[in-house]
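In: here you go, sequence then predicted model.
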Amino acid sequence: MNPVLGSTNASEDTSRRVRIDSAGRVVIPVEVRKALGIESGQDLVLSLDADGVTLRTLEHARARVKAIAQVHRKEAGSVVDAFLAARRAEAASEL
């Protein structure tokens with residue numbers, strides 16, 4: 001079921017026509033805000049790509065980045081731990 005339109009047709013267009021005001025603001029329709037759990041004052045991530053503009057909640061953006069990074073990981077384990085170990089080895093070799 002499409003959470004925005006209440007439709008069960010996944011290919012149905014969920015686009016909405018919105019207008020930008022003179023200050024550059026766009027109003028996100030209430031049904032979209034409710035479907036995504038967006039509240040007043042909440043930060044969003046705006047991305048510009050070949051198809052146009054995409055707005056994501058911070059949670060969705062983090063999950064997307066995490067999924068992309070996971071695909072490109074070469075080894076298991078913590079990336080941070082690997083980075084720190086490499087820097088420590090570098091520092092030790094400089095002594």
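Out: It's in. Since this is a predicted model, take the numbers as computed values, not measurements. Residues are numbered from 1 along each chain as shown.
In: what's the helix or strand for the residue nearest to the spatial centre of the chain?
Out: The centre of the chain sits closest to Ala61, judged by C-alpha atoms, centre = their mean, with a distance of 1.7 Å. Using DSSP states H and E, Ala61 falls within helix 58-72.
In: this protein: helices as residue ranges?
Out: Remark: helices assigned in the chain by DSSP state H are 30-36, 58-72, 79-94.
In: of those helices, which stretch is the most buried?
Out: helix 30-36 (a mean of 14; mean count of other C-beta atoms under 10 Å). For every residue, glycine as well, the C-beta is placed using N, CA and C.
In: tell me what that helix is packed against?
Out: Applying 3 or more C-beta pairs under 8 Å, 6 or more residues apart in numbering; DSSP states H and E, one finds that helix 30-36 contacts no other helix or strand.
In: listing request: residues of the chain with sub-threshold pLDDT.
Out: 1-12, 74-76 (pLDDT under 70).
In: which non-adjacent residue is nearest Gln42?
Out: With C-beta to C-beta, 6 or more residues apart in numbering as the criterion, Gln42 has its nearest non-adjacent residue at 7.2 Å, and that residue is Thr57.
In: that neighbour bridge partners, please.
Out: Leu44 (DSSP bridges).
In: for it, give me its contacts.
Out: Residues counted as contacts of Thr57 (C-beta atoms under 8 Å, 6 or more residues apart in numbering) are Leu36, Gly37, Ile38, Gln42, Leu44, Val45.
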